[in-house]
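Q: Fold the following, please.
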Amino acid sequence: MAKKLIKNGIIVDGNGGEPINDGIVVIENEKITYVGNEREYQSDGAETVIDAQGGTILPGFIDTHVHMMFEYSPIAKRLETPFSFMYYQAANYLKATLHAGITSVRDALGADLGVKKAIEVGLISGPRMQLSINALTITGGHGDGYTVSGNTVDLLASDYPGMPNGKCDGVEEVRKKTREMLRAGAEVIKVHATGGVLSATDHPEFTQFSLEELKVIVEEARFRKGVKVMAHAQGAEGIKNAVRAGVHSIEHGIFIDDEAIELMLENGTYLVPTLLAPVAVLETAKEVGMPDSAVAKSKEVIEQHHASIAKAHQAGVKIAMGTDAGVMKHGTNLRELGLMRNAGMSTMETIVASTKTAAECLGWDEQVGTLETGKLADIIVVNGNPLDEIDALANNDTIQVVIKHGQIEKNILS
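A: Below you'll find the model as predicted:
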């Protein structure tokens, strides 16, 4: 693999420091070998040059909460779609995500080990993946597809080879189910610690799983060389239970309160806001057949969600970017940065949350998340300067070059 040299751009390296004007990044094979001023680099003439044309060079963005195997669609459409069709759809979702500048993701349920392998061996294009396989949920809780009609209509099929069903009740069932997810290849355990917006028979403030059950999940995960636990947690009591149990990251955090914030600060718990999720529910309700209950709950929580994330950020809680993509269209992920900015984060803080902090949340910070010598070459080039106009990143045409693991995946500059 030849050397590559990206030049004529502003470098925003993900660490939060001052940008480097007229900087260059040099790649050899899959690694970054130089980041800095062009005048301090001695070229050997062997590099393939990528001209950033005055744009900005950044680390590949990281979305810590996605669902790569689906986009929300009407129940009737789901019922008439053959099972295996979802894999072909997912190939498009993965490519759209990568081309949007997202080079790594944490899949929060739905993708199995085969999807990750297909990307790694080059069968399909997509971001680097960290898998949860499926989420643990209680009977009647968020993730249980039981409807008020008495019929069960799951958002995504489960209980097929490589995808255990996540429903479990009681300490011993929870222990076994966690082990099943780990056996299936989970690199992070996902648990629903509260109800949610999209589930028909609960509410975001409903608490799911006891503290003892949550502790068992964390314990079993840690036995596997420190696997972490991510918790869908929207109500305050569920958030606090999850943090007390040792959960690594809180997803959504809609009704976070002062006590929960203090606990998260004490424990170093990450917060993944997914501010785009309720916004997308309201925007796409008619188009994709969102249930009336989801629309009503989104209207109820959207202002509280914004206020909670603003309060947590102001208090110093570690925030990692995540979107809940799948609830909205894949490839629209970077709208989240504008929403985080609207919640009080600076534009640089939104970029750091989407690069360095997100990599730390995934435990991948020694490999990705910043532009530094020796790290994997996950790099994007964007038109203009996102520090001046962060909302421009929501337009995929702004993302002009995407490099993952040293390979050019998208280049509209050449």
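Q: May I have the secondary structure class of residue 298?
A: When states are read from DSSP: H, G, I helix; E, B strand; the rest coil, the local structure at residue 298 comes out as helix.
Q: dump the residue contacts of it.
A: By CB atoms under 8 Å, 6 or more residues apart in numbering, the residues touching residue 298 are 197, 278, 281, 282. Where C-beta positions appear, they are placed from N, C-alpha and C, glycine not excepted.
Q: quick one: it from residue 153, how far?
A: Here residue 298 is placed at a distance of 19 Å from residue 153 (CB to CB, to the nearest Å).
Q: ok, of the contacts of residue 298, which come out buried?
A: With neighbours counted using 16 or more other CB atoms under 10 Å, these contain these buried positions: 197, 278, 281.
Q: Which of these fall within helices?
A: In helices, defined here by DSSP state H, the members of these are 278, 281.
Q: Return the member of the buried ones among the contacts of residue 298 nearest to residue 125.
A: Minimum distance to residue 125 across the buried ones among the contacts of residue 298 is 28.4 Å, recorded for residue 281 (CB to CB).
Q: Tell me the spatial nearest neighbour of that closest one, not counting adjacent residues.
A: Using CB to CB, 6 or more residues apart in numbering and skipping residues adjacent in sequence, the residue nearest residue 281 is residue 298, 4.2 Å away.
Q: Any stretches of this structure with poor pLDDT?
A: Segments of the chain classed as low confidence (criterion: pLDDT under 70) are 1.
Q: Quick check: which element contains residue 54?
A: Of the helices and strands defined by DSSP states H and E, none includes residue 54.
Q: Just give the nearest non-adjacent residue to it, would you?
A: Leaving out its chain neighbours, the residue that sits closest to residue 54 by CB to CB, 6+ apart is residue 8, at 6.3 Å.
Q: Make sure the one you found is actually in contact with residue 52.
A: Yes: the pair residue 8 / residue 52 is scored as a contact, 5.0 Å apart, by CB atoms under 8 Å.
Q: Quick check: residue 285 vs residue 297, distance?
A: 12 Å.
Q: Likewise for residue 336?
A: Relative to residue 297, and taking CB to CB, residue 336 is found at 20 Å.
Q: Neighbour count: those two, which is higher?
A: Just comparing residue 336 and residue 297: by other CB atoms under 10 Å the higher neighbour count belongs to residue 336, 29 against 23.
Q: can you map out the helices along the chain?
A: 75-79, 85-99, 113-120, 171-183, 211-223, 236-245, 258-267, 276-288, 292-315, 335-342, 347-353, 356-362.
Q: can you give me the angle the longest one makes with helix 276-288?
A: Okay, so that is helix 292-315. When axes from the mean of the first three to the mean of the last three CA atoms, to 10 degrees is applied, the directions of helix 292-315 and helix 276-288 differ by 160 degrees.
Q: Please spell out which residues along helix 292-315 are buried.
A: Of the residues in helix 292-315, those buried under the neighbour-count criterion (16+ other CB under 10 Å) are 293-295, 297-298, 300-302, 305-306, 308-313.
Q: out of the contacts of residue 298, which one sits closest to residue 243?
A: residue 197 (21.0 Å).
Q: and the nearest residue to that closest one once chain neighbours are set aside, what is it in contact with?
A: Leaving aside its chain neighbours, residue 197 sits nearest to residue 297 (4.6 Å; criterion: CB to CB, 6+ apart). Under the criterion of CB under 8 Å, 6+ apart, the contact list for residue 297 reads 197, 203, 204.
Q: how about CSV for those, with distance to residue 91 added?
A: Below are these laid out as CSV (distance: CB to CB, whole Å):
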residue, distance to residue 91
197, 28
203, 35
204, 32
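Q: Going by distance to residue 76, which of these wins?
A: When the contacts of residue 297 are compared for distance to residue 76, the smallest value, 21.1 Å, is given by residue 197; criterion: CB to CB.
Q: Roughly how far does that closest one sit from residue 57?
A: 37 Å.
Q: Please name the spatially closest residue to residue 22 (chain neighbours excluded).
A: Residue 22's closest residue in space is residue 38 (CB to CB, 6+ apart), at 6.1 Å.
Q: That neighbour against residue 25, yeah?
A: No: between residue 38 and residue 25 there is no contact, the gap being 10.2 Å when judged by CB under 8 Å.
Q: So what's the residue count around residue 16?
A: The local packing count at residue 16 equals 16, with neighbours defined by other CB under 10 Å.
Q: sorry, back to before: in contact with the residue nearest to residue 22, which residues?
A: 7, 22, 23, 24.
Q: The closest residue in space to residue 345 that isn't next to it in sequence and residue 123, how far apart?
A: Counting by CB to CB, 6+ apart, residue 313 is the residue found nearest to residue 345 once chain neighbours are left out, at 5.7 Å. The gap separating residue 313 from residue 123 is 40 Å, by CB to CB.
Q: Repeat that for residue 181.
A: Applying CB to CB to residue 181 and residue 123 gives a distance of 24 Å.
Q: More neighbours: these two, which one.
A: residue 181 (28 against 12).
Q: ok, the more buried one touching residue 132?
A: Yes: with contact defined as CB under 8 Å, residue 181 and residue 132 form a contacting pair (7.3 Å).
Q: which residues do the two both contact?
A: Common contact partners of residue 181 and residue 132 (CB under 8 Å, 6+ apart): residue 189.
Q: so who does the residue nearest to residue 54 touch?
A: By CB under 8 Å, 6+ apart, the residues touching residue 8 are 22, 51, 52, 53, 54.
Q: now residue 406
A: Neighbour list for residue 406: 1, 4, 27, 28, 29, 30, 31, 376, 377 [criterion: CB under 8 Å, 6+ apart].
Q: what's the nearest residue to the second one if we skip its chain neighbours?
A: For residue 4, ignoring the flanking residues on the chain, the nearest one in space by CB to CB, 6+ apart is residue 27 at 4.3 Å.
Q: What's the local residue count around that neighbour?
A: Burial of residue 27, expressed as a neighbour count using other CB under 10 Å, amounts to 26.
Q: Distance check, it against residue 377.
A: Noted for residue 27: a distance of 4 Å to residue 377, by CB to CB.
Q: ok, now residue 180?
A: Note on residue 180: its distance to residue 377, by CB to CB, is 36 Å.
Q: quick one: which of the two has more around it?
A: Set residue 180 next to residue 377 and count neighbours by other CB under 10 Å: residue 377 wins out with 27 against 17.
Q: so that one touches residue 405, yeah?
A: Yes: counting by CB under 8 Å, residue 405 is a contact partner of residue 377 at 6.7 Å.
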